[in-house]
Every structure is written in C-alpha cells, then in structure tokens.
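> Sharing a model that was predicted from the sequence below.
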Amino acid sequence: MEALDKIVAIEELDSLVLGPADLSGSLGHMMQTDHPVVEGAINEVISKGRANGKYIGMGLGADADFAVKWATAGVHWLQAGNDFEYMNRFSSNLVSEIHSRLSE
C-alpha cells in the first residue's frame, strides 16, 4: 500500500490484482476481509488504479455476495473460487443428496 502511487503510475502495467485475504494479513487483520481498514485499502487500490487506467482484478473464494460487492465497487475481473473449493462443495452436495434420497 505504501508504494501504491508508484505502482499505478507504471505505464507498462495493465492490471492490478487484489488478494483480499493476503491484504488483510498485511494490514494486521488476518482473514478479516470485511474489516474497515481492509475495505478502505481495497477501495483505495480500485480508485487509484482505475484513475490511472489500470484494470482491477481480484481473487476470492466462491462467494457470490463478495464478488458482486467488489464488482459493483469497480473491480473489472474476478477469479472466484478454485478447483479444491469446487471439489469440496460438489462432494459435500453429492453426499447430502445421497443421504437425502436414502432417507426417503
């Protein structure tokens, strides 16, 4: 965050990528991505990045509410979830469905 103004001024740089979980840890609020300090920093990156013509990206878990919140705030592209998370969700849903059908 201390070098943000210098970073967004790099002409050859096309995009900035936010990692909310990593950023929260760097700011002393590990995994508190909704902490006001963390949200303020995210908004600052979005604002300064867009003002300098940069595309803003964000990595996040498979959380539609979180994705919509930051897309609405000006993030251009989202990397939502990952293969491990998708496999866990699918297998949990599958097991639940099997149990549900067997108990009918």
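Great, that's in hand.

> For the rest of this, base every contact and every neighbour count on C-alpha atoms.
Will do.

> From Ile56, how far out is Ser47?
The gap separating Ser47 from Ile56 is 9 Å, by Cα to Cα, to the nearest Å.

> Describe which strands the lengthiest strand in the chain pairs with in its sheet and in which direction.
If you go by DSSP state E, the chain has its longest strand at strand 55-60. Neighbouring strands of strand 55-60 in its sheet, by DSSP bridges, are strand 15-18 (parallel), strand 77-80 (parallel).

> what's the lengthiest helix in the chain in contact with?
Scanning the chain for the helix with the most residues, using DSSP state H, yields helix 83-102. Contacting residues not belonging to helix 83-102 are listed as Gly61, Ala62 [Cα atoms under 8 Å, 6 or more residues apart in numbering].

> Could I get the average pLDDT for it?
Helix 83-102 comes out with an average pLDDT of 93.

> can you give me the offset of that helix from its chain's centre?
24 Å (Cα atoms, centre = their mean, to the nearest Å).

> Please identify the deepest-packed of the strands paired with strand 55-60.
strand 15-18 (a mean of 17; mean count of other Cα atoms under 10 Å).

> Next SSE downstream of that strand?
helix 20-26 (DSSP states H and E).

> So Glu11 belongs to a strand, correct?
No - with DSSP: H, G, I helix; E, B strand; the rest coil as the criterion, Glu11 is assigned coil and is not in a strand.

> Tally up the residues packed near it, please.
Residues lying near Glu11 (other Cα atoms under 10 Å) number 10.

> I'd like the numbering to begin with 47 instead of 1 from here.
All right, first residue 47 from here; so that's Glu57.

> which residues touch whatever helix or strand Gly86 lives in?
In the assignment (DSSP H and E), Gly86 maps to helix 82-97. With contact meaning Cα under 8 Å, 6+ apart, helix 82-97 is reached by 47, 50-51, 54, 62, 64, 66, 69-70, 73, 75, 78-79, 101-102, 119-121.

> What are the buried residues along the longest helix of the chain?
Buried residues in helix 129-148, defined by neighbour count with 16 or more other Cα atoms under 10 Å: none.

> export that helix as CSV, just CAs?
Extracted C-alpha coordinates of helix 129-148, given in CSV (Å, rounded to 0.1, in the frame of the first residue of the first chain):
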residue,chain,number,x,y,z
ASP,A,129,-10.6,-26.2,-8.0
PHE,A,130,-10.1,-27.5,-4.5
GLU,A,131,-13.0,-25.4,-3.2
TYR,A,132,-15.3,-26.6,-6.1
MET,A,133,-14.4,-30.2,-5.5
ASN,A,134,-15.2,-29.9,-1.8
ARG,A,135,-18.5,-28.2,-2.5
PHE,A,136,-19.5,-30.7,-5.1
SER,A,137,-18.7,-33.7,-2.9
SER,A,138,-20.5,-32.2,0.1
ASN,A,139,-23.6,-31.6,-2.0
LEU,A,140,-23.4,-35.1,-3.5
VAL,A,141,-23.1,-36.8,-0.2
SER,A,142,-26.0,-34.7,1.2
GLU,A,143,-28.2,-35.6,-1.8
ILE,A,144,-27.4,-39.3,-1.5
HIS,A,145,-28.3,-39.2,2.2
SER,A,146,-31.5,-37.3,1.5
ARG,A,147,-32.6,-39.8,-1.1
LEU,A,148,-31.7,-42.8,1.0
